[in-house]
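J.: Give me a model of this one.
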Amino acid sequence: MTAQPRAARRLTWDWGVVLLLVAAWTIVISYMAVQRYLAMRTEFDLAVYSHVIWTTTQGRLFFNSLVDGATNYLSHHFTPLLLIYVPIYAAWADPRALLIAQTAILASGALPLYGFARGRIGVGLGLAVVLAYLASLLLPYVAFADFHEIAPALPLLIAAGAALLDRRARAAVIFLMLAMLAKEEIAIIALGFGLYAMFIQRRWRYGFAIAVGSALWGALVFRVLMPLFAGGAAGGGDFGFLWRYQALGGTPGEIVTTVVTRPGEVARSLATPERGRYLWQLLAPLAFLPLLGQPAFLLVAPPLAYLMLSDYAFQYSIYYHYATPVIPFIFLATVVALEYLHRWGRRIAAGAAVVMLAATLVGAWRWGPLPGEGGYRPAEYAVTDAAREARTLMATIPREARVAADSYLQPWLVNRWRIGSLDWVPFGQFPGETPDFLATQEPGPDAVEAPLYPWLQRDTGDAPLLIPRFERESVTLDGGVAVWQRRAGEDVPLTRYDADFEGGLKLVGAGLPPEAGSWGETLRAAPGETLPVWMAWQATALLDKRVTFSLHVVDENGERMAQADSEMGGGRFPTNLWSTWVDRPMLTDAFPVTLPDDLPPGRYRLLGGAFETDTVRALARPDGSQWVELAEIEVNP
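T.: Just a heads-up that it's a prediction; the model follows:
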């Protein structure tokens, strides 16, 4: 038998090593990602993509009910490459399938990276680059940032960048086109590819074709396809994430104009400690070798620019998925740098590779999220009895039910047609519908937060207001998670008052549940009875003080016989947090008022008002009074 050539044997063993490293990394990181999911540390993003992919497996491509205003998810992010996950989710309809698949995809970036490195710097240095890639602190943070559509772009951009640098024209275009299907922003990176081919490689026609093609693709996606999937006309609306660039302008044209005409001002905005730390954490773990890998390092300029120009601090942080499009180019530039050093001497390149690996380990030790590293948080991966209880509790919600849930509970409720977020439900996530169930995080003692549904409602202007009522059916033993079921057909009708109070508050309405009587007539009650009165209050201006809402039962002389005082949600939703993210929020809650056991028979008045919580100073109405007369109460034994 003829002996196998040495090169072929080397190809076998070194690629085998790379595959083993990729498999090992995938197993370890997948295990941790799944543990994080079981520990209920995943949130909204995993839920969104699990939901969209599940609805696609059911025949409705990219249908979404979680992201408000984006029934077809392609109107929110143009990411048709999500279809690669559909067969996986069809076989195992579980968010864990997506976490594992994402981890494997991130690890697979080592394959085109090694192919590029092996051809440029040989087996030994190529394996060193692969080790640096898999030991990098960046990849685990992407894997642990729930699940995101941009992950497949990472290996594709490595392959595309490697093909461009190796002047493999057709391969570069194919991989780049596939990458552009991962997310709309990749068109900006593709434009950079075209400019690089034109001005660095002097391949004018080729580069011009890529630049023009990517610009046309971006225009098609942003101005035609995304608006059409949103149900509007082509050219309608602007990209929904432009708010992250408000310091530069409100439209793409204004942003580009600012960057071109005021470079000094833009440069000063970039010179912040946070952005400097981001660059340090990207480059120091590679011993700054990417900077030596010119001009290949220029390919990182487009993604780095649109990330760092943002006002959204998460985009220039290593701790989230936003660094994904930067990773391919800093590692490709590292290979080019080692190639330059190798020309000066094998030992110099080998020494640089050792320094790079040492810096990678130090960076991971200092900032990484794995056990033994500085960013490791054991509680993120600890599956507690409380988490198991909560998962069991949510499994009792019927699959066909419409559900609204807190963000960290949503990944456990995704395989259904209708799922929403508690903070978005009032604003159109269930048009013409009401959720059947709520899954909520039970607040701790004295907890306060921005208002959520069902306390937060939308004032539709209807008269009367109809407020859906939910009853807590069950709760985990430690009080951590509760499931609420709607009391169908038992909405609470509120009579409108629209009574203004000082400071920007309005008593919108009040009423009783159907079983407690009709609000339009004189209320009838007995001594000792509790009247389950509901009130709706709205903030018409920004409130900076906590306000307590009050009901008084007074006799004909105005003497107080009974009262009920409470903030919304028993203090959970103080008025100074009402406008945290919602304009003119309206909150509703029950304010049960109990009549004294010895209350004499007769007629009484029910009054509604409010006072400052800290000073107990009553809020006045425009006419100088402090109360709104809500109803008459006839008390009989």
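
J.: What lies in contact with the helix or strand hosting Glu389?
T.: Glu389 is located in helix 385-394, with elements delineated by DSSP states H and E. Applying CB atoms under 8 Å, 6 or more residues apart in numbering, the external contacts of helix 385-394 come out as 38-40, 409, 412-413, 439, 474-478, 480-481, 483. In this view, the C-beta of every residue, glycine as well, is placed from N, C-alpha and C.

J.: ditto for stretch 177-192
T.: By CB under 8 Å, 6+ apart, the surrounding residues in contact with stretch 177-192 are 77-81, 149-153, 156-157, 160, 176, 210-211, 213-215, 217-218, 221-222, 226, 239, 298-299, 301-303, 306, 325.

J.: what separates the helix holding Glu389 from the chain centre, distance-wise?
T.: For helix 385-394, the distance between its averaged C-alpha position and the chain's averaged C-alpha position is 23 Å (CA atoms, centre = their mean, to the nearest Å).

J.: which of the residues in that helix are buried?
T.: Along helix 385-394, the positions that meet the burial threshold by neighbour count (16 or more other CB atoms under 10 Å) are 386-387, 389-391, 393-394.

J.: ok, now stretch 244-264?
T.: Going by 16+ other CB under 10 Å, stretch 244-264 has these buried residues: 244-245, 248, 252, 255, 258-259.

J.: cool, stretch 262-275 as well?
T.: Within stretch 262-275, the residues that count as buried by 16+ other CB under 10 Å are 266, 269, 275.

J.: for the first one, what are its contacts?
T.: Contact partners of Val266, counting by CB under 8 Å, 6+ apart, are 248, 258-259, 309.

J.: Which of those residues fall within helices?
T.: Under the assignment DSSP state H, these contribute 258-259 to helices.

J.: Give the closest residue to Glu612 in space, chain neighbours not counted.
T.: For Glu612, the nearest residue in space outside its immediate sequence neighbours is Lys545; the separation is 5.5 Å by CB to CB, 6 or more residues apart in numbering.

J.: Make sure that neighbour is actually in contact with Ala610.
T.: No: the pair Lys545 / Ala610 is not scored as a contact, 10.7 Å apart, by CB atoms under 8 Å.

J.: do you know how far Glu490 is from Thr434?
T.: Taking CB to CB, to the nearest Å as the criterion, Glu490 is separated from Thr434 by 11 Å.

J.: ok, these two, which is more surrounded?
T.: Using other CB atoms under 10 Å, the more surrounded residue of Glu490 and Thr434 is Thr434, with 17 against 13.

J.: And the more buried one, which helix or strand is it part of?
T.: Using DSSP H and E, Thr434 sits within no helix or strand.

J.: buried sites along stretch 275-295?
T.: If you call a residue buried by 16+ other CB under 10 Å, then stretch 275-295 has these buried ones: 275, 278, 281-283, 285-290, 292-293.

J.: contacts for it?
T.: Counting by CB under 8 Å, 6+ apart, the neighbours of stretch 275-295 from elsewhere in the structure are 132, 136-138, 196, 200, 297, 300, 308, 316-318, 323, 326, 329-338, 340-341, 352, 355-356, 358-360, 362-364, 367.

J.: circling back: the contacts of stretch 177-192, buried ones only, as a PyMOL selection?
T.: Buried members of the contacts of stretch 177-192 can be picked out in PyMOL with the line below, counting by 16+ other CB under 10 Å:
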select buried, resi 77+78+79+81+149+150+151+152+153+156+157+160+176+210+211+213+214+217+218+221+222+226+239+298+299+302+303+306+325
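
J.: now the buried residues of helix 385-394 as TSV including pLDDT and distance to Glu380?
T.: Putting the buried residues of helix 385-394 into TSV (pLDDT from 0 to 100; distance: CB to CB, whole Å) gives the following:
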residue	pLDDT	distance to Glu380
Ala386	90	15
Ala387	92	12
Glu389	93	19
Ala390	93	16
Arg391	93	17
Leu393	94	22
Met394	94	20
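
J.: what separates Trp417 from Val481, distance-wise?
T.: In this structure, Trp417 lies at 23 Å from Val481, with CB to CB as the measure.

J.: More neighbours: these two, which one.
T.: With other CB under 10 Å as the criterion, Trp417 and Val481 differ in neighbour count, and Val481 comes out ahead with 25 against 15.

J.: hey, where'd the helices end up in the stretch 251-400 of the chain?
T.: Assigned by DSSP state H, counting those that start in this stretch, the helices in the stretch 251-400 of the chain fall at 252-261, 263-270, 273-283, 289-292, 301-308, 327-344, 346-367, 385-394.

J.: Serialize the ones you listed to a markdown table and add fields for distance to Gly528.
T.: Formatted as a markdown table, the entries for the helices of the stretch 251-400 of the chain read as follows, by distance: least, CB to CB, whole Å:
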| stretch | distance to Gly528 |
| --- | --- |
| helix 252-261 | 66 |
| helix 263-270 | 66 |
| helix 273-283 | 61 |
| helix 289-292 | 77 |
| helix 301-308 | 64 |
| helix 327-344 | 69 |
| helix 346-367 | 63 |
| helix 385-394 | 36 |
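
J.: Which among the ones you listed is found nearest to Ser566?
T.: Closest approach to Ser566 among the helices of the stretch 251-400 of the chain is made by helix 385-394 (27.7 Å; CB to CB).

J.: Give me the contacts around whichever helix or strand comes after that closest one.
T.: Secondary structure here is assigned by DSSP H and E; on that basis, the next helix or strand after helix 385-394 toward the C-terminus is strand 403-405. Strand 403-405 has contacts (CB under 8 Å, 6+ apart) with 397, 413, 416, 418-422, 425, 429-430, 435-440, 453.

J.: Filter these down to the buried ones, PyMOL style.
T.: With 16+ other CB under 10 Å as the criterion, this PyMOL line picks the buried residues out of the contacts of strand 403-405:
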select buried, resi 397+413+416+418+419+420+421+422+425+429+430+435+436+437+438+439+440+453
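
J.: quick one: which of the contacts of strand 403-405 sit in strands?
T.: Of the positions in those, 419-421, 437-440 sit in strands, assigned by DSSP state E.

J.: just checking, next helix/strand downstream of the longest helix belonging to the chain?
T.: Longest helix in the chain, counting residues (DSSP H): helix 6-38. Toward the C-terminal end, the helix or strand that comes next after helix 6-38 (DSSP H and E) is helix 44-57.

J.: Need the contact partners of that following helix.
T.: Contact with helix 44-57 is made by 37, 62-67, 73, 82-83, 85-86, 89-90, 93, 95, 98-99, 145-149, 407, 410-411, 413-415, 417, 419, 421, as judged by CB under 8 Å, 6+ apart.

J.: model confidence over it, on average?
T.: For helix 44-57, mean pLDDT rounds to 97.

J.: Okay, angle between it and helix 6-38 too, please.
T.: Compare the direction of helix 44-57 with that of helix 6-38 by axes from the mean of the first three to the mean of the last three CA atoms, to 10 degrees and you get 100 degrees.

J.: quick one, strands of the stretch 501-637 of the chain?
T.: Taking DSSP state E, counting those that start in this stretch as the criterion, the stretch 501-637 of the chain contains strands spanning 505-511, 523-525, 530-531, 534-539, 547-554, 560-566, 586-590, 593-594, 602-612, 628-635.

J.: pLDDT below threshold where in this protein?
T.: Applying pLDDT under 70 to the chain flags the ranges 1-11, 233-238.

J.: quick revisit: of all the contacts of helix 385-394, which comes closest to Gln538?
T.: When the contacts of helix 385-394 are compared for distance to Gln538 (CB to CB), Ala439 wins out at 26.6 Å.

J.: Pretty sure the closest one sits against Ile397.
T.: Yes: Ala439 is within contact range of Ile397, at 7.0 Å (criterion: CB under 8 Å).

J.: which residues do those two both contact?
T.: Listed as contacting both Ala439 and Ile397 by CB under 8 Å, 6+ apart are 403, 413, 483.
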